[in-house]
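Student: sequence plus the predicted model coming up.
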Protein chains: 2
Amino acid sequence: MIVTLYVDNVNIKFILCYNRTKFSERKYVEVSNETYHHVNLKAELIEKGLKLLDEEGYENFSLRKVAKACNVSHTAPYRHFSSKDDLIMAIAFEAHYKFNQCLEEAVKKYPNDNKSQLKEMGYSYVKFFVENPEYLRLLFLSDLANNFKNKHFDTYENCEQPFQTFYRAVERLQEESKNHAAGNDADPNAMALSCWGLVHGMAILIAKKDFAYEGDYLELVKKILWSGSFLSR
Amino acid sequence: MIVTLYVDNVNIKFILCYNRTKFSERKYVEVSNETYHHVNLKAELIEKGLKLLDEEGYENFSLRKVAKACNVSHTAPYRHFSSKDDLIMAIAFEAHYKFNQCLEEAVKKYPNDNKSQLKEMGYSYVKFFVENPEYLRLLFLSDLANNFKNKHFDTYENCEQPFQTFYRAVERLQEESKNHAAGNDADPNAMALSCWGLVHGMAILIAKKDFAYEGDYLELVKKILWSGSFLSR
DNA sequence: TACACTATGTTTACATCGTCAACATGATAG
DNA sequence: CTATCATGTTGACGATGTAAACATAGTGTA
C-alpha cells in the first residue's frame, strides 16, 4: 500500500512494508521511485550490493548479506534476480556506466585534440580503478566479467560503452594521422591493443599494489602518458 | 609431479616435492600406497590442487574437492595447511616458479642484448598467461594474490623472483643506455611501469578475452613489442 | 622391549552460503 | 467480491570452510 504524506509542503511517498518476521511490526520505508512495488527493492539491492562490494570486497560478497542490508529475507532477492550472478551482473552494469561516464568526461576535456583525448582518457582510466579497486574485478577480473558480454549482451548492451568510447578515440586518432602513420600506428589493432594494454596494465598493477613505488603513482602515469613513447608520432 | 619407477619389479611411486622454505631443495620422497599415513599428502594436495584450479577455475576451487581427489578426508589438508588460503598460496608458489622459469628462458635466449631480452620476456609473459589463464588469478588477480607478498614474504620469498627477473632486465637496459637516455627512459620507475604495464595489460586483455581480434593475438603482440614505439630509443 | 610422544589421519559438528519449494500477503483486474 | 499475480516469508537442502575431539602409526627413549 502506498501512503502519501506532506512534510514541509513536500510530497513524500511511502510504501508500506513489513518487518522480517512479524507482520505486526510494520514500518514505513521511503520509496525512491514513483513506481511502487518491484522497482524499489531491486534498486536497493543493487545500491546496497555495490556498497557491500566496496566495503568488503568481491570475495566476501554474499546474497544474504545484501538481503540483510535491505532488511529483507534471504530469498527476497530471487524475486528480482535469478541468481547471485545475476545480481552481480546488474551491479556490474552500474559500474560500467560510472566508468564510461568517467571516460567521456576525459574526451570532453579536449574536444578537438584526439591525442590529448586519448592521453586524458588513459589517465582517467587508471585513476578510476585506483580509486575504485573493486570495480576492477567487477568489470574485468571475475569469472562473471568473462561471461558478461556473451550472456547479457542484449539485456545490458550499454555495458560495452566504455570500450566503444575508448575505441572510437583510437579510431579518430588513426583517421587523423592516416597519411603520415608508420609502424604500429598503421595497424589499427596493434595501436588499440598497445594503447589499451598499457593503460589497463598500469591500472591493474597500481590498483592491486603490485607495483611498488614510493612516489605519487598517478603523477608517474601522467608522465608516461604525456611523454615521448606514448603516441609519439 | 608424480613419478613412477620400477625397482626390482616393484612399482614405486614418487612425488616431486619441495621443502617448505627453499625452492632449491627439491627432493624425491617415497609415497606409500596403502598406509594410514599418506606420506606425501602435502605435495599431492598442491599437485591435485593446481590441476583442479586448471580444470575447474579459481571460483570453483574447493578444499574438499582437493581432499577428495587425494582420497583423504575433508579435514586432512588442515594437517598441512592452516587454511584454504594457505593451500592456495602454496599452489601460487608453484605457479610463480613456473612463471619465473618461463621468463628466465627468455633472458637466456639473448645473453648479450638487453633490449631483445626485454622484448622476448614481454612476449613470453603474454604467452604464458594466454596459455595458463588460471595462473593469472593465482598470481595477480585474487584477493589472496594481493596479500601474498605481505603475509608470506618470509616463507615464500622466492615468489618474488618473476618480478625481480623482470626488473633486473629493465635495470640492465637502463644502465646500458644511461648516457643517451631521454624522457621516460631516464626515469627508472617510469620505464619499469610502462614496460611492465604494457605487457601485463596485454596479457590480461587477451587471456580474459576482452580484446576482440580475429587474427593471431600473439603475432600482434610480437609486432607491438618489436616495432617502433616499444623501447625505441 | 615397552611406552610415551608427535605427526597425521578420521569423525562429528557448526555457521554460512546459494538455491529451491511451499506458503502468505497485498495489489489489481474482472 | 473474488481470482490472480507480484512480491514477500519460512524452512529445507547440499556444499563449503573450519574447529574440536578422537584414532593410528611411526619414532625416540627408558
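Tutor: Structure received. Numbering: from 1, shown residues only, chains lettered A, B, ... in the order given.
Student: shouldn't residue A:61 be in contact with residue A:53?
Tutor: Yes: Residue A:61 is within contact range of residue A:53, at 5.4 Å (criterion: C-beta atoms under 8 Å). For every residue, glycine as well, the C-beta is placed using N, CA and C.
Student: what about residue A:143, neighbour count?
Tutor: Residue A:143 sits with 14 neighbouring residues when counted by other C-beta atoms under 10 Å in any protein chain shown.
Student: nope, residue A:70 is what I was after
Tutor: There are 18 residues near residue A:70, going by other C-beta under 10 Å.
Student: need the helices for chain A, in chain order.
Tutor: A:38-56, A:63-69, A:84-109, A:114-131, A:133-136, A:143-152, A:161-176, A:188-207, A:217-225 (DSSP state H).
Student: could you check the angle the fourth one makes with helix A:84-109?
Tutor: The one in question is helix A:114-131. Orientation check (axes from the mean of the first three to the mean of the last three C-alpha atoms, to 10 degrees): helix A:114-131 against helix A:84-109 gives 140 degrees.
Student: check the gap between residue A:120 and chain B for me.
Tutor: 17 Å (C-beta to the nearest C-beta, to the nearest Å).
Student: hang on, that residue packs against residue A:110?
Tutor: Yes: using C-beta under 8 Å, residue A:120 makes contact with residue A:110 at a distance of 6.1 Å.
Student: higher neighbour count, the two?
Tutor: Ranked by neighbour count (other C-beta under 10 Å), residue A:120 and residue A:110 place residue A:120 first, with 22 against 15.
Student: neighbours around the residue nearest to the more buried one when sequence neighbours are not counted, how many?
Tutor: Distances taken as C-beta to C-beta, 6 or more residues apart in numbering or on different chains place residue A:106 nearest to residue A:120, at 4.2 Å, with adjacent residues excluded. By other C-beta under 10 Å, the residues close to residue A:106 number 23.
Student: hmm, residue A:116 and residue A:106 touching each other?
Tutor: No: the pair residue A:106 / residue A:116 is not scored as a contact, 9.3 Å apart, by C-beta under 8 Å.
Student: which residue does chain A bring closest to chain B?
Tutor: For chain A and chain B, the shortest gap (C-beta to the nearest C-beta) falls at residue A:201, measuring 2.6 Å.
Student: show the contacting residues for the residue most central in space within chain A.
Tutor: Of all residues in chain A, the one closest to the mean position by C-alpha atoms, centre = their mean is residue A:95, 1.9 Å from it. Shown in contact with residue A:95 (C-beta atoms under 8 Å, 6 or more residues apart in numbering or on different chains): A:50, A:132, A:135, A:138-139.
Student: verify the stated contact: residue A:107 with residue A:119.
Tutor: No: look at residue A:107 against residue A:119 with C-beta under 8 Å: they stay out of range, at 11.1 Å.
Student: let me see the contact set for residue A:165.
Tutor: A:100, A:103-104, A:107, A:121.
Student: where does chain A have low pLDDT?
Tutor: Residue ranges of chain A with pLDDT under 70: A:1-39, A:147-160, A:179-186, A:228, A:232-233.
Student: give me the domain ranges for chain A.
Tutor: Chain A is divided into the following domains under automatic domain parsing: A:2-79, A:84-225.
Student: coming back round to it: number of residues surrounding the residue of chain A closest to chain B?
Tutor: So residue A:201, with other C-beta under 10 Å, has 25 neighbours.
Student: please tell me how far it sits from residue A:126.
Tutor: Per C-beta to C-beta, to the nearest Å, residue A:201 is found 10 Å from residue A:126.
Student: got it, and residue A:141?
Tutor: Distance of residue A:141 to residue A:126, given as C-beta to C-beta: 15 Å.
Student: out of these two, which sits in the more crowded spot?
Tutor: Set residue A:141 next to residue A:126 and count neighbours by other C-beta under 10 Å: residue A:126 wins out with 28 against 22.
Student: residues in contact with the residue nearest to the more buried one when sequence neighbours are not counted?
Tutor: The shortest distance from residue A:126 to any non-neighbouring residue, by C-beta to C-beta, 6+ apart, is to residue A:203 (4.4 Å). With contact set as C-beta under 8 Å, 6+ apart, residue A:203 has these partners: A:125-126, A:128-130, A:136, B:201.
Student: quick one: which of the residues you listed is most hemmed in?
Tutor: Tallying neighbours with other C-beta under 10 Å puts residue A:126 at the head of the contacts of residue A:203, with 28 neighbours.
Student: got the contact list for it?
Tutor: A:199, A:202-203, A:206, A:218, A:221.
Student: a markdown table for those residues, including distance to DNA strand C?
Tutor: Below are these laid out as a markdown table (distance: C-beta to the nearest atom of the strand, whole Å):
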| residue | distance to DNA strand C |
| --- | --- |
| A:199 | 32 |
| A:202 | 32 |
| A:203 | 27 |
| A:206 | 29 |
| A:218 | 34 |
| A:221 | 35 |
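Student: residue A:67 touches residue A:74, doesn't it?
Tutor: Yes: applying C-beta under 8 Å, one finds residue A:67 in contact with residue A:74, separated by 4.9 Å.
Student: more neighbours, those two?
Tutor: Each of residue A:67 and residue A:74 has its neighbours counted (other C-beta under 10 Å); residue A:67 has more, 22 against 14.
Student: coming back round to it: of the contacts of residue A:95, just the buried ones, ChimeraX syntax please.
Tutor: Buried residues within these, by 16 or more other C-beta atoms under 10 Å in any protein chain shown, are selected in ChimeraX with:
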select /A:50,132,135,138,139
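Student: now flag whichever of the contacts of residue A:95 is closest to DNA strand D.
Tutor: residue A:50 (18.3 Å; C-beta to the nearest atom of the strand).
Student: go ahead and confirm that closest one touches residue A:92.
Tutor: No: distance between residue A:50 and residue A:92: 9.6 Å, which falls outside the contact criterion (C-beta under 8 Å).
Student: thinking again about what came up before, which of the contacts of residue A:203 lies closest to DNA strand C?
Tutor: So of these, ranked by how close each gets to DNA strand C (C-beta to the nearest atom of the strand), first place is residue A:136, at 19.8 Å.
Student: OK, contacts around that closest one?
Tutor: A:129, A:203-204, A:207-208.
Student: turn those into TSV, columns for distance to DNA strand D.
Tutor: What follows is the contacts of residue A:136, written out as TSV (distance: C-beta to the nearest atom of the strand, whole Å):
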residue	distance to DNA strand D
A:129	28
A:203	30
A:204	25
A:207	25
A:208	22
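Student: ok, the residues you listed vs residue A:230, which is closest?
Tutor: Nearest to residue A:230 among those is residue A:203, at 14.5 Å by C-beta to C-beta.
Student: mind checking how far that closest one is from residue A:194?
Tutor: Applying C-beta to C-beta to residue A:203 and residue A:194 gives a distance of 15 Å.
Student: tell me the contacts of residue A:63?
Tutor: Residue A:63 makes contact with A:74, A:77, A:84, A:87 under the criterion C-beta under 8 Å, 6+ apart.
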